[in-house]
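K.L.:
Sequence and predicted structure are below.
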Amino acid sequence: MTETFVRSGPLRLWTEQIGRRDHPAVLLIAGSSAQGIIFPDALVDRLVLRGAQVIRYDHRDTGRSSIVDFDRHPYGLSDLAADALAVLDAYELPSAHLAGVSMGGAIAQWLAVHESARVRSLTLLSTTPMSHDPGPVWQRAMTGQPADPDELPPPTPRFLQHLADSDGTPPGLEADVSNFRAMNGDGRPFDEPAVRAMLQRCQARATDPSAAAHHALIGRKKGPDLFAPLSTIAAPTTIVHGDQDPLFTLAHGEALAAAIPGAHLHVVRGMGHGYFSPGLPELLADLISLDTGLLGSG
């Protein structure tokens with residue numbers, strides 16, 4: 001296990017590499033406002049056991065990575081994708097297997113479309129097409145307007161009610177635990193001790209916890225790169241989606257499967273929009289390792 005800071009332009013990004021350097025690399029790309037350690041150690045250890053080296057990293061504005069003055073230097077999804085490429089470059093990896101969660105899945109899609117030579121395979125977890133802008137969809141739902149039939153569905157009414165009930169709640173550990181519980185849903189047990197331990201570790205290592213909120217603003221910087229057709233993706237693709245995901249309902253995973261040629265959709269029964277349930281990290285690791293052909297490699 002090695003922790004290293006790498007450069008992405010003027011920024012420093014915290015990274016961690018686990019496993020043998022001569023094994024196939026899996027780059028784990030976290031979701032919005034999430035540090036790299038959001039990926040449970042059990043998932044990482046299982047991937048290493050299956051023959052991979054694993055790299056996880058903190059996005060800009062999270063964890064131990066650089067903090068950005070967003071007003072002066074706004075950034076979008078393509079900039080976060082450039083950070084992921086900087087991580088691969090720093091480890092001298094011409095390509096890697098990418099596994100992206102939620103916003104990290106959109107970053108992984110961007111790379112598979114625009115930097116296809118760097119992507120050996122693609123695993124998209126709990127995410128949505130990179131061109132989808134959830135902001136207007138969520139706003140319509142939260143103000144009681146009917147859903148746009150031409151858009152992908154909004155979060156579930158229960159999750160929207162959670163957001164409404166928690167509006168104005170002071171930020172802190174208890175609020176974060178409540179959010180993770182709501183994202184987990186009731187389909188699988190919620191491992192609250194594991195979530196608390198992860199969140200406490202995140203709080204202790206965050207340079208500026210408030211900076212992660214900048215990720216909610218990346219939708220302001222849009223370009224034609226986000227609307228490039230996913231049909232151009234040539235990398236072997238697996239889509240892993242929970243049938244109880246309250247943020248991106250299963251229709252989002254199905255839309256990805258329909259858009260990416262040859263993509264395989266694996267529906268995880270009872271899974272919500274989080275991976276802190278007993279046995280779930282290992283299950284997801286097995287899906288990544290099996291569907292990227294890592295078993296027996298190295």
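P.N.:
Here it is on my side, so go on.
K.L.:
just how off-centre is stretch 122-130 within its chain?
P.N.:
Put simply, stretch 122-130 sits 8 Å off its chain's centre (C-alpha atoms, centre = their mean, to the nearest Å).
K.L.:
now do the same end-to-end measure for that stretch.
P.N.:
14 Å (C-alpha to C-alpha, to the nearest Å).
K.L.:
quick check: mean pLDDT across it?
P.N.:
For stretch 122-130, mean pLDDT rounds to 98.
K.L.:
quick one: contacts for Ala258?
P.N.:
Shown in contact with Ala258 (C-beta atoms under 8 Å, 6 or more residues apart in numbering): no residues. Any C-beta I mention is one placed from the backbone N, CA and C, and that applies to glycine too.
K.L.:
What are the boundaries of the helices in this protein?
P.N.:
41-49, 77-90, 103-114, 134-142, 157-166, 173-184, 192-205, 250-259, 280-291 (DSSP state H).
K.L.:
quick one: buried residues of the lowest-mean-pLDDT helix or strand in the chain?
P.N.:
Least confident element among the helices and strands of the chain, by mean pLDDT, DSSP states H and E: helix 280-291 (a mean of 85). Neighbour-count burial for helix 280-291, with 16 or more other C-beta atoms under 10 Å as criterion, is recorded at 280-285, 287-289, 291.
K.L.:
Which neighbouring elements make contact with that helix?
P.N.:
helix 41-49, strand 119-125, strand 237-242, strand 264-268 (3 or more C-beta pairs under 8 Å, 6 or more residues apart in numbering; DSSP states H and E).
K.L.:
Which one of the helices of the chain lies nearest to Lys222?
P.N.:
Counting by C-beta to C-beta, Lys222 lies closest to helix 77-90 out of the helices of the chain; the figure is 8.7 Å.
K.L.:
Could you list the buried residues of that closest one?
P.N.:
Those would be 77-88, 90, for helix 77-90 by 16+ other C-beta under 10 Å.
K.L.:
same question, stretch 152-164
P.N.:
Buried residues in stretch 152-164 (16+ other C-beta under 10 Å): 152, 154-156, 159-160, 162.
K.L.:
go on, stretch 102-122?
P.N.:
102-113, 118-122.
K.L.:
ok, back up a step: with distance to Gly270 added, can I get the buried residues of helix 280-291 in JSON lines?
P.N.:
JSON lines is the format used below for the buried residues of helix 280-291 (distance: C-beta to C-beta, whole Å):
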{"residue": "Leu280", "distance to Gly270": "9"}
{"residue": "Pro281", "distance to Gly270": "15"}
{"residue": "Glu282", "distance to Gly270": "15"}
{"residue": "Leu283", "distance to Gly270": "11"}
{"residue": "Leu284", "distance to Gly270": "13"}
{"residue": "Ala285", "distance to Gly270": "17"}
{"residue": "Leu287", "distance to Gly270": "15"}
{"residue": "Ile288", "distance to Gly270": "19"}
{"residue": "Ser289", "distance to Gly270": "21"}
{"residue": "Asp291", "distance to Gly270": "20"}
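K.L.:
Right, I'll leave it there.
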